[in-house]
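1. Coordinates for the following, if possible.
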Amino acid sequence: MIPIHLSSGIHNLIRRYPLIKRNTTSLQSQHPRSKKLLTKRKVREKLDIPLPPSVNEEVKIKLFKSEGEQSYDIGRTKPGDKKDIISPLPKKYWPSYVEAVWYEWWKKMGFFSPVENSSPSDGVKPFVMVIPPPNVTGELHMGHALTVAIEDSLVRWYRMRQGGRGVVWLPGCDHAGIATQVAVERRLAARGLSRYDVGREEFIREVWEWGRDKATAIESQLGLLGASLDWSRFTFTLDKSYSRAVDEAFIRLYEAGLIRRDLRLVNWCPHLRSAVSDIEVDLLPISGRTPLAVPGRSEPVVCGLLESFEYPVSGSTEVVTVATTRLETLLGDTAVAVHPNDSRYFRYRGSFLTHPISGSRIPIIIDDSVNPDFGSGAVKVTPGHDFTDFELAMNHGLPVITVMDDRGRMISDLSRYHQMDRFIARSAIRDELEQKGLYRGAQEFETLIPVCSRSGDIIEPMLKQHWLVVMETLTRRAVEAVESGELVIHPEHHRKTWKSWLSQSKDWCLSRQIWWGHRVPAYRVEVSGSGVGGGGSGVHNAGCGAEGAGCGAEG
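-> From the prediction side, this is the model:
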């Protein structure tokens, strides 16, 4: 065998795939020595490559294309055969000539598979590594190339050291549920279609076609890198064996009490029409009035304004002023809260307020969690669309009202707001408050906007039935493992971060309302007839025995 030169493999990959080429150019061009390193190449044709504005003019460089590069005549060797090297070699070293054909022969000969008949009695400790499975959302980039080069070096070293015994490097691709679905939906949108237009079956067919194309491209790129992966063990995370494993794991965790289904607030992305986990939410800091582009909207949404308005005190001419950054949620208010030690509101204890839009009565409640120094010291409580307010409502027995649907449109008994887009409703509610003389203006406000990392849409907390991983037991065991020394974290100062993050973990939202991915193995079965439950009709559970139907979830 001829050992592959990894640097040359990366060079070939960069030449073939422009995305990697651009990323590499950007990285190299910002290095203070990049100009010196690249201008050492012997060149004739120079290609100007545009650089990011952040790159200093002094370090702008040019990539060079070599003249006279000689390629190997692939027709001289049948696919999978050993390379014909009888003819004279080129006078110069050309990676495209030297590396051609070898990879397919290596694969055919099984050089990347472990030596047969190896066993623990050989005294050889197995070395098994799984490639971080690339997502089929696109093709590989420079980060993948670097990782593969490092892992390939490790695997080849162990293979030489152990004579090939017990050494396996496993390849695979990740179906990347939400990310891949979003990519395919963008492709449909370019044709003026949505997944709902084509239907579930046709959409899934489109995604499989996309996934196969990307997986083929990824395999080709890994081949150009000379990655010594055991391709006989290639796995896709939606293969039947993986799906069975996911089902089995889900059922076992459910039976162990570590998975439950509950009605609770989740991070909801209206653009995806799906819940997302906490780590899929980016908190975007803004320091004042800021227009944000939101998918599906032609006009930006203005954020970073703290708007004040008044709640009339029922049976009185007095008012209580509150402030919010999300006026559209006013339709879901079920109380106004004040701090028990705030003397400004002592006389209002036990009083009610008149809702400025619906005219309904809501109570003034007392709670220690209210910050009396923020704004007027009185805060609106919208338990159906705010995580803090939801907990407060549970403590005080307040009703929870959902005022938005899955698409971010308003749900209201008031016809003028029903099915209105949430951000249009924000402006409409402002206008109505102004007409009633209850609007008290807006001021620029420093805040964090929760944004879906998958779609770029603004997250809405929504009350949904969801499958949750019960984190209390798991996080406690993880903290204890570090404290006992069973698990060692390097560097040691990250132990504090580990404990802090785990101690604040909430039950993890597991399910997703997507079409591409593993399906939760729980189903709602409705049976009618006289043979069930003593006659009549009933609802019974299958799968893991949990109430309700399973939603699509990515693993």
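2. just the helices in the stretch 51-200 of the chain please.
-> According to DSSP state H, counting those that start in this stretch, the stretch 51-200 of the chain carries its helices in the segments 95-98, 102-109, 142-161, 177-190, 195-198, 200-224.
3. Out of these, which is the most enclosed?
-> Compared across these, helix 177-190 shows the largest average neighbour count, a mean of 19 (mean count of other CB atoms under 10 Å). For glycine as for every other residue, the C-beta is placed from the backbone atoms N, C-alpha and C.
4. returning to what we had before: the helices of the stretch 51-200 of the chain: which one's closest to residue 496?
-> Distance to residue 496, taken as CB to CB, is lowest for helix 142-161 among the helices of the stretch 51-200 of the chain, at 28.5 Å.
5. what angle do the closest one and helix 200-224 make?
-> Counting by axes from the mean of the first three to the mean of the last three CA atoms, to 10 degrees, helix 142-161 lies at 60 degrees to helix 200-224.
6. So which of the helices of the stretch 51-200 of the chain is nearest residue 128?
-> Here helix 142-161 is closest among the helices of the stretch 51-200 of the chain (CB to CB), at 9.8 Å.
7. could you dump that closest one to PDB, C-alpha only?
-> This file holds the C-alpha atoms of helix 142-161, laid out as PDB (Å, rounded to 0.1, in the frame of the first residue of the first chain):
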ATOM      1  CA  MET A 142     -12.800  22.600   6.600                       C
ATOM      2  CA  GLY A 143     -13.700  21.700  10.200                       C
ATOM      3  CA  HIS A 144     -14.700  18.200   9.100                       C
ATOM      4  CA  ALA A 145     -11.400  17.900   7.100                       C
ATOM      5  CA  LEU A 146      -9.400  18.800  10.200                       C
ATOM      6  CA  THR A 147     -11.200  16.400  12.400                       C
ATOM      7  CA  VAL A 148     -11.000  13.500   9.900                       C
ATOM      8  CA  ALA A 149      -7.300  14.100   9.400                       C
ATOM      9  CA  ILE A 150      -6.600  13.900  13.100                       C
ATOM     10  CA  GLU A 151      -8.800  10.800  13.600                       C
ATOM     11  CA  ASP A 152      -7.300   9.100  10.600                       C
ATOM     12  CA  SER A 153      -3.800   9.600  12.000                       C
ATOM     13  CA  LEU A 154      -4.900   8.000  15.300                       C
ATOM     14  CA  VAL A 155      -6.500   5.100  13.600                       C
ATOM     15  CA  ARG A 156      -3.600   4.400  11.300                       C
ATOM     16  CA  TRP A 157      -1.100   4.600  14.100                       C
ATOM     17  CA  TYR A 158      -3.100   2.100  16.200                       C
ATOM     18  CA  ARG A 159      -3.500  -0.100  13.100                       C
ATOM     19  CA  MET A 160       0.200  -0.300  12.600                       C
ATOM     20  CA  ARG A 161       0.900  -0.700  16.300                       C
END
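8. Check which helices and strands that helix sits against.
-> Under the contact definition 3 or more CB pairs under 8 Å, 6 or more residues apart in numbering; DSSP states H and E, helix 142-161 sits against helix 6-16, helix 18-29, strand 127-130, strand 167-170.
9. Flag whichever of the ones you listed has the least confidence on average.
-> Among those, helix 18-29 carries the lowest mean pLDDT, a mean of 40.
10. Can you list the low-confidence ranges for the stretch 51-200 of the chain?
-> Across the stretch 51-200 of the chain, the ranges flagged by pLDDT under 70 are 51-69, 117-122.
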